Structure formats: structure tokens, C-alpha cells
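J.: got a structure for you, letters missing:
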């Protein structure tokens, strides 16, 4: 049963100690956005980023790929899809400013992300570089493997849109090393733009030992990137499968990688088994947690985290029965991980039309506000540094946005 | 935005030899004051602060200010000993893009191989000259009743 929902504007009033910027961000992600004609007329493809290829997204139209608020907060969301599970927020133009509004009320000014210089260039074999490396405002995102072995076995996570995105596009399953090399070389020529390299992709389960092929592949990619730097380690994050201790040490010791994530997705064993059947079968909930603890020993406290798709634990019919219970159980479990030095970062569950859960509805805005506030408080309590996944890296975690002020 | 600064103040703020301090508060109301050499005025009459250190208290407090509409105070002391107090509100944190890169190159040219976290745009609300000589005259005119009596004693012959 969902709690009766209050509006975005009333939520901002009800939580005066939570940044209104972050509340707006959450709701824009939860509900999606819709551009007016005037807002679209402000898009300049020569300046703004309108194309993106990632393992979970393919866009090459005239819509901006994401927004930025006045405080530097990113809003990674999309033009509302045809399902319209919820009424989207509106992006419009008022007095020549691009604004985001709800129920006719202007909430904030917004800005479109600027595209990097390398985006329209091509690799040596003529592949547009935007198709190889995706850019966030300060981060280079590489998805070397763009499908997922779990989906090959029809065991993908129920909220995940990787399979649908992959099958609708013409993208290759694996990126070519030379394309990555060419694109990274070009991207790094733009001074003052990038502060981080991020690797992720679908899970690769094969190898001598489970995930060995994935580890070997990432090591190769990290070597290609690492050759550009004079320091052994460089600001980087790998969001990969939950590796065993030997694999974690191998990737840490042999590359410039500085931080590591493996997503647990849902903070409850029973819900995890239901929502993430592949992860449950290949690794299992408790083992995944143990591997995250081991990762802290290898990478250090503050350099390991796990992501949750916040809200999926409320999916029907096996999710938590009330929002109160969902909040309580999620934060209770998050604390266990944070106590060990594994940070927990949340993404807002945007119901993806390509996913098994496409008919579901995400929880209320208040639900998210309480959870992100709770995660921020726990992070503060256990003194976990959020640098590896803060607002200027991923930009997709409202709870780490809140950690900007302490 | 209303133009707050006259040419003299702009020149004073943009002079590299001027001392510039900014006072901010955190979410518990605790004040923090620090020298910020990188404060300047842009062509729109806004204050620009190039924050080098991402985890600095000033940077965190400026985020708090922009989130909740809290003011910051800036004081400058020019080489001619003229001083100005400015109250402003942070209106934008630029962390990426061509505008950011413009300041990134400027800071590297000025300070060498240095990083840049955020270009803060602060909208001035008001400015007041705080030069001591000027303030003393103002005080005497506005508050003539506040004075130590010995200062107005007749001189003994």
C-alpha cells in the first residue's frame, strides 16, 4: 500500500532542511520531464549534448541528454516516455531562461549539458566517438560490454532496461580496444573538462572462475587508459560484478583503478532474490555483501560502494507492504554495509519501459526524500568519504548530493 | 540584476593587490572566514569566486547558501586602505563547460598547475564603504550621543 502522496511543492515546504534542488532532482527522475517547443528551440546540437550511447540508453535526437541546476547538480532523466506512468515535470522557457516547473509554478532555472570536444570526431576506423565513450559533465563513461550475460539467460534484473535498449539499437556487444584508445586519447586533449573515468557494463559471467573474463577485459581497458597518465593510479571507478578476493587484488594491483562498486540493487535478501534472479543465482545476496567487505580491504574505506535502485523494493506483488516498512528495512540494511565501510548510494527508480517492471509505479516523492536523507545521515555517522561517487562524478545519486555540505 | 558596483569598486576588487575575504556559514550557523585571492567582478557586475579546493569549508558553505538562499559577506581592503563590505547571494556554481574552462585556464596561468573545483557566481545585494576614516565621520554624524566624554573635554589652559 502506498502512502498518500503530496505534491513536489508541498514536499519542499514539508522538508525545509533538505535541499530543494535535490528534491526537484528526485522528482524529475521519478516522473520524467517533458520539453516545450520553446525549450527545444534552446537546444543547440553544436553546443549541447543530445547524443548518448550507453549500455542502458541510446539517444541520437534533439533532446538534451540531461539537465544541470544552478548549484551544479545534474539531473539525469529523460523526455517522458509513452507510458506516462506519472505526470512529467515541464521544461520551458520564461524570460529567456530555461526553467523547470510543476503545476504551472517555476521551480528553478536549468541548463543543458554541454558536449565535449571529442564527441563528433571519429575513431581510426570511422566510428563516431560518442558511440564509444559517453560523457557526463566531468566524467568519461565507458561501457565495454553493452549487453549482459544475465539477460542472455533471461535472468536479468526486473527493473533493468539493458536488454531492450540493446535489442533496439545497432550497437555491438563489445567495444573494440582501438576505438576506446582513440576516443580516450582525443577526450583527454580537452583540458579542464574531465576529472574521472568510469567503467561499467553488463555482467560477464564466463571465465576460468566466475567473472574472470570480465576482470581480464577491464584490466585491458584500464591499461589502455592508464598509459596516458604519469601516476600509476588515476581518478577512476569500476562498477563491475561482485568479484572474489583474488580478482579484486588482481585488478587493483595491476591497473590504475582507484575505486570499485558492485551493485546490490535491493537491500533485502527476499526482494533481491525476486527482483535480481541472475545475481541471486550466480552470487547470492550474502556472498555479494561479503565480497563488498573484501573490496574495502583491497581498495580502502571510502573507495568502495554499492548502488541501490531505490524504490524497486516497493514493487508489487512481493515488495514491502508499506512505505514505512520499505524505508525502515532499507536504511537498517544500509547501515550494516556502511558500518563495514561500504558506502550505499541510491539511484531513483525510473520505471523503464524496456524492463519487466514496466507496468509498475515508483513510490512517493516523500519516500525518496526520507531514504536519501537517511543514507546521507548514515554516511555522516560512519564518516564515509563520498568523493568517488559525488555530484561531480556520477551525478545520479541524490543522497551523495546531500553530502556536499558536510 | 541591479548594478551595484561603481568603477572604483570594480577596479579595487579586480586589483590583484587587494585583500579579499569571504564569510560564510554552515548548516549549523557556524561562521567561517577565509581569504580568497580569486574573487573578481565579471562583465555582468557579478562577483566571481574561483574555488580551488573542492572540499573546502567555503565551498561546502556556498552550496548550503545557494540551496537555502543564505547570504555571504565579502570584505575587500584596497592598497589605498579603502575598504568595502559586500553582501551577496550565490546564484550559480559552474563546475563544467566552456565557461568553467575559461576560468580553469585563467587560474592555471595565474597559479601554475593548479586544479579548479567550482566557479561561484555571487550576486551582490548591496555594498557599503567601510574605510575607517569614512566610518568615523558617519558615526559622529549619526550617533553623536555615543562618545567618551573625555574626548570632548575642554582643553585645560
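T.: Thanks, I have the structure now. Just so we're clear, the structure is a prediction, and the values are computed from it rather than from any experiment. Numbers count the residues shown, from 1 in each chain, chains lettered A, B, ... in the order given.

J.: so how many other residues sit close to residue A:210?
T.: Applying other CB atoms under 10 Å in any protein chain shown, we find 18 residues neighbouring residue A:210. Where you see a C-beta, it was placed from the backbone N, CA and C, and this is true even at glycine.

J.: ah, wrong one, I meant residue A:96
T.: 7.

J.: swap in residue A:57?
T.: Residue A:57 has 18 nearby residues by other CB under 10 Å.

J.: right, and it touches residue A:165 too?
T.: Yes: using CB atoms under 8 Å, residue A:57 and residue A:165 qualify as a contacting pair, with a distance of 6.2 Å.

J.: and residue 95, what pLDDT?
T.: Just so you know, I chose chain A. pLDDT recorded at residue A:95 is 97.

J.: that's the wrong chain, I wanted chain B
T.: pLDDT, residue B:95: 98.

J.: that one reaches residue B:118, doesn't it?
T.: Yes: counting by CB under 8 Å, residue B:95 touches residue B:118, with 5.5 Å between them.

J.: can you name the residue of the stretch 251-400 of chain A nearest chain B?
T.: For the stretch 251-400 of chain A and chain B, the shortest gap (CB to the nearest CB) falls at residue A:392, measuring 5.7 Å.

J.: what's that residue sitting at in phi/psi?
T.: Main-chain torsions, residue A:392, degrees, to the nearest 10: phi -100, psi 0.

J.: wait, what's in contact with the closest residue to it other than its chain neighbours?
T.: Counting by CB to CB, 6 or more residues apart in numbering or on different chains, residue A:138 is the residue found nearest to residue A:392 once chain neighbours are left out, at 5.0 Å. By CB atoms under 8 Å, 6 or more residues apart in numbering or on different chains, residue A:138 lies in contact with A:193, A:194, A:195, A:196, A:392, A:393, B:95, B:96.

J.: ok, the fifth one - contacts?
T.: When contacts are counted by CB under 8 Å, 6+ apart, residue A:392 is found next to A:72, A:137, A:138, A:139, A:195, A:196, B:54, B:95, B:96.

J.: what's the closest of the residues you listed to residue A:157?
T.: residue A:139 (23.2 Å; CB to CB).

J.: skipping adjacent residues, who's closest to that closest one in space?
T.: Take residue A:139 and drop its neighbours on the chain: the residue closest to it by CB to CB, 6+ apart is residue A:196, 4.5 Å away.

J.: what does stretch B:6-20 rub up against?
T.: By CB under 8 Å, 6+ apart, stretch B:6-20 touches B:5, B:35-37, B:39-41, B:45, B:47, B:74-79, B:82, B:84, B:127.

J.: what sits against the nearest residue to residue B:118 once chain neighbours are set aside?
T.: Using CB to CB, 6+ apart and skipping the chain neighbours, the partner closest in space to residue B:118 is residue B:51 (4.6 Å). Counting by CB under 8 Å, 6+ apart, residue B:51 touches B:38, B:58, B:59, B:62, B:116, B:117, B:118, B:119, B:120.

J.: list the contacts of the fifth one.
T.: Under the criterion of CB under 8 Å, 6+ apart, the contact partners of residue B:116 comprise A:192, B:50, B:51, B:52, B:100, B:103, B:104, B:107, B:108.

J.: list the contacts of residue 127.
T.: All of this is about chain A. A:176, A:179.

J.: right idea, wrong chain: chain B
T.: Counting by CB under 8 Å, 6+ apart, residue B:127 has contacts B:4, B:5, B:9, B:84, B:85, B:86, B:87.

J.: nearest to residue A:309 among those residues?
T.: Taking the contacts of residue B:127 together and measuring to residue A:309 by CB to CB, the closest member is residue B:87, at 43.4 Å.

J.: that closest one contacts residue B:125, correct?
T.: Yes: Residue B:87 lies in contact with residue B:125 (CB under 8 Å); the separation is 4.7 Å.

J.: between those two, who's got more neighbours?
T.: More crowded of residue B:87 and residue B:125, by other CB under 10 Å: residue B:87, with 16 against 13.

J.: any buried residues in the host helix or strand of the more buried one, and which?
T.: According to DSSP states H and E, residue B:87 maps onto strand B:83-94. For strand B:83-94, the neighbour count (16 or more other CB atoms under 10 Å in any protein chain shown) marks B:83, B:84, B:86, B:87, B:88, B:90, B:91, B:92, B:93, B:94 as buried.
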